[in-house]
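Student: Sharing a model that was predicted from the sequence below.
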Amino acid sequence: MSIVKVENLNLGYGNDLVVKDVSFVVEKGDYIGVVGPNGAGKSTLIKGLLNLLPINSGNVSFFGEPLKNFKDWGRIGYLPQKSSLFNPLFPATVMEVVQTGLLSQKKFPKKITSFDREKVFSAMKHLGIENLKDQMISRLSGGQQQRVFLARAMVSNPEILFLDEPSTALDQETREGFFETISHLNKIHGLTIILITHDSVHVGHYANKLLYIDHKLVYYGLFKDFCLSKEMEKEFGGYSQHIICHQHHKK
């Protein structure tokens, strides 16, 4: 089943286009690694899909519904870059942070019910942070904070999850654990994943599809097809193609 359909999408700031004529389709259960050079339009693309940035031209639909008419945002989870998530001086507990993931679905007055609190605790338990529920978010380690923000994105039980550079500033061990968690959500629970990362080598160990963007769409498809593509070898060079594919072959 098609979850996201993107057709001839153009995005930018004013007349300066950053994403140019991009088209692709996301199917249920996909795990897509979005990679490309710095400034290539990866985050801009995701913000456009999530209606956080006006679309210059083109079409986006979720679950068959045009973006301009789409209202059921509880079906979509989003974990933005950490720098846009967290004010270290903001006094909030883990439970309070996770609860905010439900507010977008509520009409005024936005009250948290006992049923909501059950959903919040379930999300925290699923990610192994239920014992931190009363801790101040500012006192947690980087890895713990990322799990809290992931719980916030997951508390509405979404069908697709967007993640923008979620492993930035995490140490190697914490990064591995975080990616294992995301992989588990994809493989065991069928959650569709679209993950932006600068680490094209690492993501190949988990994702089944690669979306390579450099303002325009350079490649979109299965990792294994990218690794065997002579056209992509010409585009990237044999060595770079091998590096991107190296981890994928370990799966």
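Tutor: Structure's in. What do you need?
Student: Quick check: what element follows whatever helix or strand residue 121 lives in along the chain?
Tutor: Taking DSSP states H and E as the criterion, residue 121 maps to helix 114-126. The helix or strand immediately downstream of helix 114-126 is helix 142-154, counting by DSSP H and E.
Student: what's the next helix or strand after that next one packed up against?
Tutor: Using DSSP H and E, the helix or strand that follows helix 142-154 in sequence is strand 160-164. If you count contacts as 3 or more CB pairs under 8 Å, 6 or more residues apart in numbering; DSSP states H and E, strand 160-164 packs onto helix 42-49, strand 76-79, helix 142-154, helix 172-187, strand 192-196. Yep, even glycine has a C-beta here, placed from its N, CA and C like the rest.
Student: where's strand 160-164 relative to the chain centroid, distance-wise?
Tutor: Computed by CA atoms, centre = their mean, to the nearest Å, the chain-centroid distance of strand 160-164 equals 2 Å.
Student: do the same with stretch 44-56
Tutor: With CA atoms, centre = their mean, you get 14 Å for stretch 44-56.
Student: residues of that stretch that come out buried?
Tutor: Across stretch 44-56, burial judged by 16 or more other CB atoms under 10 Å covers 44, 45, 46, 47, 48, 49, 50, 53, 55, 56.
Student: go on, stretch 125-141?
Tutor: 126, 127, 129, 130, 132, 133, 137, 140.
Student: Spatially, which two of those are the most separated?
Tutor: Using CB to CB, these span at most 18.2 Å, a distance reached by 126 and 137.
Student: Give me the pLDDT for residue 80.
Tutor: Note on residue 80: pLDDT of 87.
Student: Surely it is in contact with residue 153?
Tutor: No: if you go by CB atoms under 8 Å, residue 80 and residue 153 don't touch, sitting 9.1 Å apart.
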